[in-house]
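Engineer: Return a 3D structure for these sequence lines:
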Amino acid sequence: MARYRGPKTRISRIFGEPILGNGKYLTKNSNPPGQHGATKKRKQPGEYALQLREKQKAKYTYGVLERQFRKTFEEAVRRKGVTGENLIKLLEARLDNTVYRLGIAPSRPAARQLVTHKHITVNGEVVNVPSFQLRPGDTIGIKESTQGNTGITSHIRGKNAKFNWLDYSEAEFKGTFIAYPERESVPENIKEQLIVELYSK
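Structural biologist: Numbering: from 1, shown residues only. The predicted model follows:
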C-alpha cells in the first residue's frame, strides 16, 4: 500500500512546508533533518537535485509510490496539452484525493483508508481502489450503510469553495467531479515542469 509510515514532521522539514500535516512544529524546528541541524554547511542543490526534490514532494503529497507515479506521468504525456498540467490533473482526479477535497475525510491518508475499507461509492458502485481515475460527471458518495456511522460522518467538514471543479451535497452525502481542475486552481506548491524535465532526461 502506497503510504508513508514514518514521522510526518520529518518530511515537512525536508521540504520546509507542511507536506503531510498541518506543519505546526515547523515553527519550532524548521531545519532539515540530520544530526548537525542548522550548523551543517549545505551545498547549493544542483539542477538534478531540484528536479528530484519536486518529484519526491509530489509523491509524498499525493501518497503515490514510484511505479504508479511513473505510470501517471506516462499517461500525462499521452494526453493532449501541457504534460505538467496533465500530470497534476490526473493526480487530482484520483479517488482518494477527491474524497479528501470534498471534505469527506480530514486528510489524504484518511481518505485512502475510507476507500480501501469500502465506504466510498462511485456512480452508486463501491470502489476500493484509491488510485481509481475519476472522469467528469462521476458521482462520489458515502455508502448508505456507512452514513449512520458517526465515527466517520463526524469528520465531514464539507467542500472548500475554492475547489470549483467539485460539487458536494451534505444532505445526500454525495459529490460530483465536474471537470479536471485548471492548474491555477490547485493550491499545492509543486513545480511540475521540473518533474517533466527530470523524466525527459
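
Engineer: contacts, neighbours, all on C-alpha from now
Structural biologist: Noted.

Engineer: Could you chop the chain up by domain?
Structural biologist: Per automatic domain parsing, the structural domains of the chain span 8-90, 94-179.

Engineer: which residues in this protein form strands?
Structural biologist: 120-122, 125-126, 139-142, 166-169, 174-177 (DSSP state E).

Engineer: Tabulate the CA atom coordinates of the last one in PDB.
Structural biologist: Taking only C-alpha atoms (Å, rounded to 0.1, in the frame of the first residue of the first chain), the coordinates of strand 174-177 have been written out as PDB:
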ATOM      1  CA  LYS A 174     -22.700  12.900  -2.400                       C
ATOM      2  CA  GLY A 175     -20.300  14.900  -4.500                       C
ATOM      3  CA  THR A 176     -19.700  15.300  -8.200                       C
ATOM      4  CA  PHE A 177     -16.400  15.500 -10.100                       C
END
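
Engineer: From the chain's centroid, how far away is that strand?
Structural biologist: In this view, strand 174-177 has its centroid 17 Å away from the chain centroid, taken as Cα atoms, centre = their mean, to the nearest Å.

Engineer: in its sheet, what does it sit against?
Structural biologist: Using DSSP bridges, strand 174-177 pairs in its sheet with strand 139-142 (antiparallel), strand 166-169 (antiparallel).

Engineer: So which of those strands has the densest surroundings on average?
Structural biologist: Ranked by mean neighbour count, the strands paired with strand 174-177 are led by strand 139-142 with a mean of 24 (mean count of other Cα atoms under 10 Å).

Engineer: which intervals of this protein have sub-threshold pLDDT?
Structural biologist: Confidence mapping of the chain against pLDDT under 70 gives the ranges 1-4, 21-42.

Engineer: pull the longest helix from it.
Structural biologist: Looking across the chain with DSSP state H, the single longest helix is helix 47-62.

Engineer: circling back to that earlier point, okay, the domains of the chain in CSV with distance to residue 201 next?
Structural biologist: Putting the domains of the chain into CSV (distance: least, Cα to Cα, whole Å) gives the following:
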stretch, distance to residue 201
domain 8-90, 10
domain 94-179, 26
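
Engineer: Helices of the protein, start to end?
Structural biologist: Here the chain has its helices, by DSSP H, at 8-15, 47-62, 66-78, 83-92, 95-101, 108-116, 150-153, 192-199.
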